[in-house]
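In: need a structure here:
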Amino acid sequence: MSQQFILVISDCKAGREAEYNDYYDHRHIPDIMEHQPEVLSAQRFGVTQYFAPDGIPTWRFSTLYTIETNDMGAYLQRMNALMQAGKLPPSDAADPSSAAVFHLLPLGAPITRKETA
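Out: Presented below is the predicted three-dimensional model:
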């Protein structure tokens, strides 16, 4: 098995940030962890855009999932099946037109700072 990463970026409907965050933290991520044993971790982030070309959408939220699998396609098919079966219901506070999902492929080992004496 190899460790892989999925980045989800999304937004919510205006004025529904608290509801959206509560849903993600207390419903969506726990549901994913329950039904998708390949998911090792999920970490949420707030997104602040500092620079982007014109026309690039803005998002306020993202989640980075660490997944242990050798078949990302099968994992994503199971995720879609779970959503269709209602086991991963969407939040009414979400803006579904804003969501994007990216499979991040490491291009090498992390580069870390080397401390000097």
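In: what's the neighbour count on Glu17?
Out: A count of nearby residues for Glu17, using other Cβ atoms under 10 Å, gives 15. All C-beta atoms are positioned from the backbone trio N, CA, C, and that covers glycine.
In: I'd like the distance between Asn70 and Pro30.
Out: According to Cβ to Cβ, to the nearest Å, Asn70 and Pro30 sit 25 Å apart.
In: before we move on, what about Leu7?
Out: Using Cβ to Cβ, we find Leu7 at a distance of 19 Å from Pro30.
In: Same question for Tyr75.
Out: Distance, Tyr75 to Pro30, using Cβ to Cβ: 18 Å.
In: for Thr63, same thing?
Out: Distance from Thr63 to Pro30, by Cβ to Cβ: 13 Å.
In: Now do the helices in the chain.
Out: Taking DSSP state H to define them, one finds helices in the chain at 17-23, 29-35, 72-84.
In: which one of those lies closest to Val47?
Out: Using Cβ to Cβ as the measure, helix 17-23 is the one of the helices of the chain that comes nearest Val47, at 12.5 Å.
In: Quick one: mean pLDDT for the closest one?
Out: For helix 17-23, the mean pLDDT works out to 97.
In: what about Ile6, how many residues close to it?
Out: 19.
In: Who are the contact partners of it?
Out: Applying Cβ atoms under 8 Å, 6 or more residues apart in numbering, we find Ile6 in contact with Leu64, Tyr65, Ile67, Val101, Phe102, His103, Leu104.
In: For the third one, the count of nearby residues, please.
Out: Residues lying near Ile67 (other Cβ under 10 Å) number 20.
In: so it sits right up against Tyr75, yeah?
Out: Yes. Using Cβ atoms under 8 Å, Ile67 is in contact with Tyr75, at 6.3 Å.
In: Spit out the residues that contact the two alike.
Out: Gln36, Glu38.
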